[in-house]
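J.: Model the structure of this input:
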Amino acid sequence: MMYFSIPSDFNLDTLEKLDELNRTSNNKKVIETYGQATRGILHNSGRDINALPDISMQELEKYIESSKTKGIDFNYTINPSCFGNLEFTKDGIRKITGLLKELYQIGVRSLTVTSPSIFEVIHSSGLDFSIKASAICEIASPNRALFYKDLGANRLVIDPDVTRDFRTIRNICRVVGAGCEMIINNVCLKNCGYKMFHYNHDAHIDSADSSNVITDFYTNRCAMQKASNPENLIKLNWIRPEDLSKYYDAGVQYFKIQGRQNVLKGDIIRTLQIYFAEDYDGDLFSLITIFAPYNSFQPYIENKKLNGYVDRFLKEPCNNICEECGYCKKFADKAINAIDGNYLNNQAKTFYKMYDQFGKEIKKDNKTDVISNFEIGFS
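T.: You can find the predicted model right below:
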């Protein structure tokens, strides 16, 4: 059986559709939705809080009650990469413990957590939560997996950067056993240098101070990286519906669909139906963004033209020296129309450069400031 974890839109009608999907499937099941309240204290997250569905604790409680009648759990995300050391203060421990008690009272029994210190706070609370180690924990080796298992993780999300490394996936599953989970629609570039900084950015973003200079920096640079070359879209850490069984055979039983920031504008049911069918004839990028608008510069990626792409990695991991390989480029040439891809990429680079507020800020009067400071320092 393949088990699915999906972002919650907090819509009761969606729960009805999930229930129907579960009842009509023999070998796949949605076991949980996940998300968080966005009002009140401690709403730090692995996502920009301003992009998430707006939900109160009271609304969340009603949603959980309805969800449990369908046999679907709710997993609450306490997964920022950083709490700003709040958890090491008396007031911070009190707030976190208070949140845990409130969550338990409204029916939450599952949490997604990143920080080892928060694991310890949860255990000391005496509340019997089931804990999932977040993808932000960067579990990319058996040793890291065992660290979080020993810390008390019942389930763990394997780092998306090893999505093409079946040897590592098998080894992690071997030492952990049941409970390994993989994100199937990750849209990040493999080994992105911005990744951890982007996580920290989202952990600290404040709705009271969310100018374009703050909110757009990583979003723009992420888009520009993808637009630098059409083959970069092939290097994203996605898993095609047709390849799910290969990961299941490697030991992965749990599959996560990401997109808390997209779920209200996308089509999570359609996305699930496609992954349940393990077959899709359409645009891969639309699928991995759960059919939510991403930007205007994404070329059409013919999913069926990527048949066989993952087979090479079943035998040997990627050596990450793209200049010497050309494997991803070969599939990009097959699946992406070269003229459309290059045109859209050039449009993207022009657009993001033009509207890059951070770039404008650091260039604004920079020359004058440098001269002025030089004169002051050496007059």
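
J.: Now do the helices in the stretch 1-150 of the chain.
T.: Along the stretch 1-150 of the chain, counting by DSSP state H, counting those that start in this stretch, helices occupy 12-23, 57-69, 90-105, 116-125, 142-151.

J.: Tell me which of those approaches Lys265 most closely.
T.: Of all these, helix 12-23 sits nearest to Lys265, with 13.6 Å by Cβ to Cβ. Bear in mind the C-beta positions are built from the backbone N, C-alpha and C, glycine included.

J.: Now do the buried residues in the closest one.
T.: By neighbour count on 16 or more other Cβ atoms under 10 Å, the buried set for helix 12-23 is 14-15, 18-19, 21-22.

J.: and what of stretch 36-46?
T.: Neighbour counts over stretch 36-46 (16+ other Cβ under 10 Å) mark 36-38, 42, 44-46 as buried.

J.: Now render these as JSON lines, adding distance to Ile172 and pLDDT.
T.: As requested, those are exported to JSON lines (distance: Cβ to Cβ, whole Å; pLDDT from 0 to 100):
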{"residue": "Gln36", "distance to Ile172": "27", "pLDDT": "94"}
{"residue": "Ala37", "distance to Ile172": "32", "pLDDT": "92"}
{"residue": "Thr38", "distance to Ile172": "32", "pLDDT": "88"}
{"residue": "Leu42", "distance to Ile172": "30", "pLDDT": "72"}
{"residue": "Asn44", "distance to Ile172": "27", "pLDDT": "71"}
{"residue": "Ser45", "distance to Ile172": "25", "pLDDT": "73"}
{"residue": "Gly46", "distance to Ile172": "20", "pLDDT": "72"}
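
J.: Of those residues, which is the nearest to Ala223?
T.: For the buried residues of stretch 36-46, the closest approach to Ala223 (Cβ to Cβ) belongs to Gly46, at 19.4 Å.

J.: Report how many residues lie close to the residue nearest to the closest one when sequence neighbours are not counted.
T.: Leaving aside its chain neighbours, Gly46 sits nearest to Asn79 (4.2 Å; criterion: Cβ to Cβ, 6 or more residues apart in numbering). Burial measure for Asn79: 26 neighbouring residues, criterion other Cβ atoms under 10 Å.

J.: And what about the residue nearest the centre of the chain, helix, strand or coil?
T.: Central residue of the chain (Cα atoms, centre = their mean): Gln258, 4.9 Å from the mean position. Here Gln258 is recorded as coil under DSSP: H, G, I helix; E, B strand; the rest coil.

J.: wait, isn't it in contact with Pro7?
T.: Yes - if you go by Cβ atoms under 8 Å, Gln258 and Pro7 touch, sitting 6.8 Å apart.
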